[in-house]
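# output the structure for:
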Amino acid sequence: MFTGAEIIPEEELAVRRARCLALLRKHCPQAGGLMIFSKVNIYYFTGTFAPGLFWLPLEGVPALAVRKALERAELESPSTRAFAYKNYGQIPDLLAGQGSPLPPVFAVEQEGLSWSLGLNFSRNFKNYELLPADMVIKQTRAVKTPWEAGKLRLAGRRHYQGMCEIFPQRVRVGMDGAGLSRLLWDIMLELGHSGHIRMSAHGEESFLGHVAVGENSAYPSYYNGPLGFKGAHPAAGYMGYAGEVWTRDSFLATDVGFVLEGYNSDKSVFYFAGPPSSIPAPARRVQDACLEIQREIAARLKPGTIPQDLYRLGLDLAARHDLGEGFLGMGGNKVPFIGHGLGLQLDEWPALAERFTEPLQENMFLAVEPKVVVPGLGMLGVENSFLVTPDGGFCLTNLSGRVDTDDAGDIICVGA
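Below is the predicted model of the structure:
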C-alpha cells in the first residue's frame with residue numbers, strides 16, 4: 001500500500017558506513033563495532049528517522065533495531081536489516097539472531113542518549129566494554145558525499161532567493177517582528193523549506209531562525225550565536241518579537257537557516273529601511289570590514305587549512321579594523337567561534353574556533369559569520385555558507401559562488 005517518499009541509495013549508505021568504520025579503526029582500534037542511538041545519526045546511516053538503535057559492526061551485518069513502526073523503517077530503508085525490540089536487554093540476543101553478535105568491546109554514541117537512558121543501557125551491557133565514539137561519527141558526517149552536496153547546493157540557492165530576492169520585494173517598513181518572521185517563514189516554505197531546523201548542541205533549539213529590529217539585535221540571548229534577539233516570548237526564544245516595529249532609517253537583522261530534505265544552509269542578511277545614501281557611516285564601515293573578513297577566511301577554506309587558524313585570522317583582522325568589543329557579540333552574547341559546520345544539523349563539526357586543529361577536508365560545508373554590534377544601531381555583518389574546495393570556499397548562498405560581489409553580504413536597502 002505504501003511507498004517511501006525518498007530512499008537513500010544502497011550504494012550511498014555503503015559509502016557512509018565504510019567511512020565511519022575506517023575512522024573507527026583509526027580512533028577506537030579495540031572496538032568491534034559502533035552502536036548509534038540518535039535519530040539524526042540513525043537517519044544518516046540508514047535513511048529513516050527510526051526511534052531505536054543502529055548497530056554497525058566491523059564484521060557482520062549492520063542492523064537497525066526499532067521501537068515503533070518497523071514497517072516504516074522497512075519502507076524507507078529497504079536495504080537495511082531491521083527488527084523490532086522492546087527493551088535494551090533484548091538487544092544482544094536479537095542481534096545474534098540477525099547474524100551480528102556483539103563483540104566484547106564496542107563503541108557507543110554517548111551524545112545520543114540522555115543520562116537516564118545511558119545508565120539504563122550500561123546496566124544491560126555491564127558484561128561489555130563500552131568506548132566513546134562521538135567524534136568518529138562527527139568526522140564521518142563532516143565530509144559530504146556528492147549526494148549530500150547536491151542537496152546543500154540547492155538549499156543554498158533557494159536560501160539566497162528567499163532572503164535576497166523575494167523578501168525585499170514583499171517586506172514593508174512598519175511591520176512588527178512577528179509579522180516579519182511570518183513573512184519570511186511563508187517565503188521559505190514556498191521555496192521548499194522542510195520546516196524543522198535540527199541542532200546538535202545539547203538543549204539548543206531553533207525555529208526558522210532569528211529576527212531582530214534595531215538595537216534588539218544586541219539583546220541578551222541564550223542561543224549560542226552572536227546575534228541577539230528577544231524571540232517571540234520567553235517560552236519561545238526564537239523568531240521575532242511582536243512588540244518591536246521596523247521603522248525608517250533603522251536596521252532589520254535576520255539569521256535564518258534553510259532546510260532542504262534534511263540538509264541545512266545558513267545565512268544572515270541585514271536590511272536597512274531607506275536608500276543607500278542614508279546608511280550611517282559607522283554601519284557602512286563595519287559592514288565593509290566584515291565583508292573583508294569573510295573574503296579572507298573564504299579564500300582559505302581549502303583542504304589542509306586548520307580551523308583554529310581561521311578563527312585567529314578573523315580576530316586579527318577585526319583588531320586591524322578596530323571593530324572593538326562588539327566583534328562576535330557584545331558582553332554575554334559574544335561567542336568563541338567565527339563559523340561552524342553544516343549538514344543534517346545547523347551546527348555541525350568542525351567549528352572555526354580554538355582547539356579545532358584537525359585540517360579541513362574537501363567537501364566539508366561551513367558557515368562563516370563575522371558580525372559586530374554597532375552602538376546605537378544593533379548588530380551588522382555577514383554570514384554565508386561555503387563548500388571547501390582546492391580553490392577556496394565556494395559560496396552556496398549567493399548566485400555567483402564568490403564573495404567579492406554585493407550579494408555575498410552587503411546591506412539590502414528597502415524603500416520606506
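# only C-alpha atoms for contact and neighbour calcs from this point on.
Will do.
# low-scoring pLDDT stretches of the chain, where are they?
For the chain, the stretches with pLDDT under 70 are 416.
# middle-most residue in it, spatially?
With distances taken as C-alpha atoms, centre = their mean, the residue of the chain nearest its centroid is L346 (1.2 Å).
# for that one, give me its contacts.
I197, R198, M199, S200, G257, N264, S265, D266 (C-alpha atoms under 8 Å, 6 or more residues apart in numbering).
# count the neighbours of the first one for me.
Using other C-alpha atoms under 10 Å as the criterion, I197 is surrounded by 22 other residues.
# cool, and the fifth one?
Other residues within reach of G257, judged by other C-alpha under 10 Å, total 27.
# thinking in terms of the whole chain, how far from its middle is whichever strand or helix holds it?
Taking DSSP states H and E as the criterion, the element that holds G257 is strand 251-260. Its chain's C-alpha centre and that of strand 251-260 lie 13 Å apart, by C-alpha atoms, centre = their mean, to the nearest Å.
# swap in stretch 107-126?
Computed by C-alpha atoms, centre = their mean, the chain-centroid distance of stretch 107-126 equals 25 Å.
# for it, buried residues please.
A107, V108, E109, Q110, E111, G112, L113, F125 (16 or more other C-alpha atoms under 10 Å).
# with stretch 383-401 instead?
Result for stretch 383-401 [16+ other C-alpha under 10 Å]: buried residues 383-390, 392-398, 401.
# between which two of those is the distance greatest?
Farthest-apart pair in the buried residues of stretch 383-401 is E383 and P390; separation 21.3 Å (C-alpha to C-alpha).
# ok, residues contacting stretch 348-365?
Counting by C-alpha under 8 Å, 6+ apart, 138-139, 142-145, 149, 200, 301-308, 310-312, 336-343, 385-390 sit against stretch 348-365.
# where does L184 fall, secondary structure wise?
helix 177-190.
# just the strands from the stretch 51-200 of the chain, written as ranges.
Using DSSP state E, counting those that start in this stretch, the strands of the stretch 51-200 of the chain run over residues 52-57, 63-66, 81-84, 105-108, 129-132.
# got these as JSON lines, with distance to N120 columns?
Output for these, formatted as JSON lines (distance: least, C-alpha to C-alpha, whole Å):
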{"stretch": "strand 52-57", "distance to N120": "14"}
{"stretch": "strand 63-66", "distance to N120": "16"}
{"stretch": "strand 81-84", "distance to N120": "19"}
{"stretch": "strand 105-108", "distance to N120": "14"}
{"stretch": "strand 129-132", "distance to N120": "13"}
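# out of those, which is closest to K26?
strand 105-108 (12.6 Å).
# end-to-end on stretch 370-385?
Stretch 370-385 has an end-to-end distance of 12 Å (criterion: C-alpha to C-alpha, to the nearest Å).
# over to stretch 255-273?
Stretch 255-273 stretches 17 Å from its first residue to its last (C-alpha to C-alpha).
# so A65 is in contact with A84, correct?
Yes: between A65 and A84 there is a contact under C-alpha atoms under 8 Å: 5.6 Å.
# which one of those two has more residues nearby?
Neighbours per residue, other C-alpha under 10 Å: of A65 and A84, the larger number sits with A65, 24 against 16.
# hang on, the earlier thing: quick one: closest of the strands of the stretch 51-200 of the chain to I7.
Per C-alpha to C-alpha, nearest to I7 of the strands of the stretch 51-200 of the chain: strand 81-84, 14.6 Å.
# what's that closest one packed up against?
Counting by 3 or more C-alpha pairs under 8 Å, 6 or more residues apart in numbering; DSSP states H and E, the packing neighbours recorded for strand 81-84 are strand 63-66, helix 70-76.
# check what contacts that strand and list those residues.
Counting by C-alpha under 8 Å, 6+ apart, V61, P62, A63, L64, A65, V66, R67, K68, L70, A73, E74 sit against strand 81-84.
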